[in-house]
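Student: would you be able to build a 3D model of this:
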Amino acid sequence: MPERPKILLPEDRYFDPDPRVREVALALYREVANLPLICPHGHVDPRVFADPDYRFGTPTELFIIPDHYVFRMLYSQGIPLEALGIPTRDGTPVETDHRKIWQIFAEHFYLFRGTPTGMWLNHELYSVFGVRDRLTEETAQEIYDQIAEKLESPEFRPRRLYEQFNIEVLATTDPATSTLEHHQAIRDSGWKGRIIPTFRPDAVVNLDTPGWREQIQRLSEVSGIDVTDYPSYIRALEQRRAFFKEMGATATDHAAVTPYTEALSEREADAIFQRALRGEASADDAVRFTGHMLMEMARMSVEDGLVMQLHPGSFRNHNQPIFERFGPDMGGDIPLATEFTRNLRPLLNRYGNEKNFTLILFTLDETTFSRELAPLAGHYPAVKLGPPWWFYDSWNGMMRFRQLVSETAGLYNTVGFNDDTRAYPSIPARHDLARRVDANWLADLVVRSVIAMDEAQEMIHAAAYGLAKQAYRL
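Tutor: The predicted structure is shown next:
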């Protein structure tokens, strides 16, 4: 019987085939391979840490059902989401046999070859769960059993994994209306892991968000401020930011279709707000109000010191039938061309020179890196560049990022790496891949005599650890 194919993870994987670059890259990688993980932006549910005995469920519940990186690829090959156990909005039946779903995943695992998801999954299977055989049609059920057994072990509770992963701090992303009860439960438990919230006000800021008026009612309830007009709305948001900060938050996060900014008068802002409360706001109202509120959030950040993150440029829920049947976050979000230079000028002219303000910019439009974002970060003291985001936190995407921005912005106007994931056990794999990218990039500069080895050693430490800690005030 032929030997089963094994997961291939050599220590020098992914590095440049040039032996000179490869040798230096490996040396640099070894400098930072075991540094603690700083996770300043992500989407892990805080409740997994609130309950000391929290369990992830089955391998299918861990790897497939919640992870749109996985099921969007399978869906692209014609596999219905129902067959993968993805819950429907109306509760109509979907596949509930998790072994059957896992078998489908294994039979199609070849689809992930050469993708970042494949890199993460193989690293996770090998390093976290001790799997050595490749996931295939033949090995599927045996590997399912191996993972299921591990998930029943106390060593695979989220708090224990936090320690095993060597995480120093992990930020969640939380709606402005959250009571942060899970964060409070973590505090009350006495556990020493540092899990901090991030203030995400999109649902109460973007007027075209479904259920916006219900969210405003919720904002009134949690803030204790009766939100009936624009001034009371601003007071409520300031109250929530103060509460998040008391609970350990160091940053805010904002999503918008574009980075458009505009300063409205209080009278104009209140007129739009009142139309929205009556359900009469136009599409233009929504654009202008979001643009104004980005200005207001920057103003608040200058005052309270919370770092501001901006993630524009995603056409959400592009596949309307899938959105209607399954809801948001089903893999149907598609990048848009985005313009920063003109759109951000009002905000940056007012706050971009403030010493107490940090604005971290992300993009899904790689053409803006060298043309707009690197020049902005290379000039305005407040502006820093977030790492490649979402579709581009890949080997090639991260290499392109370094090559496109570093000559204009340098390394030190970037903020290191963040994993930006809901898939908690994949966090070490994502950080490891980023550290390998930076080691490879720096090794090329060393071999070309652009920088010296001692400079590369300082830079790899900054990229892997120091920049994120500094930028996010951790």
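
Student: quick one: terminal-to-terminal distance for stretch 410-430?
Tutor: Terminal residues of stretch 410-430 are spaced 23 Å apart (CA to CA, to the nearest Å).

Student: return the set of buried residues in it.
Tutor: Under the neighbour-count criterion of 16 or more other CB atoms under 10 Å, stretch 410-430 has 411, 413-430 buried. Just so you know, the C-beta spots here come from the backbone N, C-alpha and C atoms, and that holds for glycine as well.

Student: kindly report the same for stretch 361-376.
Tutor: Applying 16+ other CB under 10 Å to stretch 361-376 flags 361-366, 368-370, 372-376 as buried.

Student: now for these: which two are most distant?
Tutor: Leu364 and Pro375 (18.7 Å; CB to CB).

Student: just to revisit the earlier point, looking at the buried residues of stretch 361-376, which are in helices?
Tutor: Thr368, Ala374, Pro375, Leu376 (DSSP state H).

Student: out of those, the closest to Pro197 would be?
Tutor: Distances from Pro197 to these, taken by CB to CB, are shortest for Leu376, at 28.0 Å.

Student: confidence score at the closest one?
Tutor: Per-residue confidence (pLDDT) for Leu376: 98.

Student: and the helix or strand that contains Leu62, average pLDDT?
Tutor: Assigned by DSSP states H and E, Leu62 belongs to helix 59-63. Mean per-residue pLDDT for helix 59-63: 97.

Student: got it, and stretch 317-327?
Tutor: 96.

Student: who's in contact with it?
Tutor: Stretch 317-327 has contacts (CB atoms under 8 Å, 6 or more residues apart in numbering) with Leu81, Ile86, Pro87, Thr88, Arg89, Asp90, Pro328, Met330, Gly332, Asp333, Ile334.

Student: apply 6 Å and report the result again.
Tutor: Leu81, Ile86, Thr88, Arg89, Pro328, Met330, Gly332, Ile334 (CB atoms under 6 Å, 6 or more residues apart in numbering).

Student: and the furthest pair within the residues you listed?
Tutor: Longest span within the contacts of stretch 317-327, CB to CB: Thr88 and Ile334, 22.1 Å.

Student: sorry, back to before: immediately after the helix holding Leu62, which helix or strand?
Tutor: Helix 59-63 is succeeded, C-terminally, by helix 68-76 (DSSP H and E).

Student: please, where are all the strands along the stretch 101-250 of the chain?
Tutor: Applying DSSP state E, counting those that start in this stretch to the stretch 101-250 of the chain gives strands spanning 167-171, 174-175, 195-196, 199-200.

Student: do the same with the stretch 251-400 of the chain
Tutor: Under DSSP E, counting those that start in this stretch, the stretch 251-400 of the chain gives strands at 251-256, 307-312, 314-315, 334-335, 359-361, 383-385.

Student: could you report the pLDDT at Glu3?
Tutor: pLDDT at Glu3 comes out at 85.

Student: Val307 and Arg241, how far apart?
Tutor: Val307 is 12 Å from Arg241, where distance means CB to CB, to the nearest Å.

Student: wait, Glu262
Tutor: For Glu262, the distance to Arg241 - CB to CB - is 21 Å.

Student: between these two, which one's more packed in?
Tutor: Between Glu262 and Arg241, counting by other CB atoms under 10 Å, Arg241 is the more crowded of the two (21 against 17).

Student: and that one, what does it touch?
Tutor: Arg241 touches Phe199, Asp304, counting by CB under 6 Å, 6+ apart.

Student: count the neighbours of the residue lying closest to Gly332 once chain neighbours are set aside for me.
Tutor: Once flanking residues are discounted, Gly332 sits nearest to Asn319: 3.8 Å by CB to CB, 6 or more residues apart in numbering. Asn319: 16 surrounding residues under other CB under 10 Å.

Student: likewise for Phe323?
Tutor: 17.

Student: mind listing what's buried along the helix holding Leu62?
Tutor: Neighbour-count burial for helix 59-63 [16+ other CB under 10 Å]: Pro59, Thr60, Leu62, Phe63.

Student: show me how far that helix is from its chain's centre.
Tutor: 20 Å (CA atoms, centre = their mean, to the nearest Å).

Student: can you give me the helices for the stretch 351-474 of the chain?
Tutor: 368, 374-377, 395-409, 427-447, 453-461, 467-471 (DSSP state H, counting those that start in this stretch).

Student: export those helices to CSV and tack on distance to Glu137?
Tutor: As requested, the helices of the stretch 351-474 of the chain are exported to CSV (distance: least, CB to CB, whole Å):
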stretch, distance to Glu137
helix 368, 42
helix 374-377, 46
helix 395-409, 27
helix 427-447, 23
helix 453-461, 40
helix 467-471, 40
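
Student: mind checking which of the ones you listed is nearest Asp208?
Tutor: That would be helix 368 among those, by CB to CB, at 23.8 Å.

Student: for the closest one, packing partners?
Tutor: On a contact count with 3 or more CB pairs under 6 Å, 6 or more residues apart in numbering; DSSP states H and E, helix 368 meets no helix or strand.

Student: what lies in contact with it?
Tutor: By CB under 6 Å, 6+ apart, helix 368 touches Phe340.

Student: hmm, 10 Å instead?
Tutor: Pro259, Gly313, Ala337, Thr338, Glu339, Phe340, Thr341, Leu361, Ala374, Leu376, Leu404 (CB atoms under 10 Å, 6 or more residues apart in numbering).
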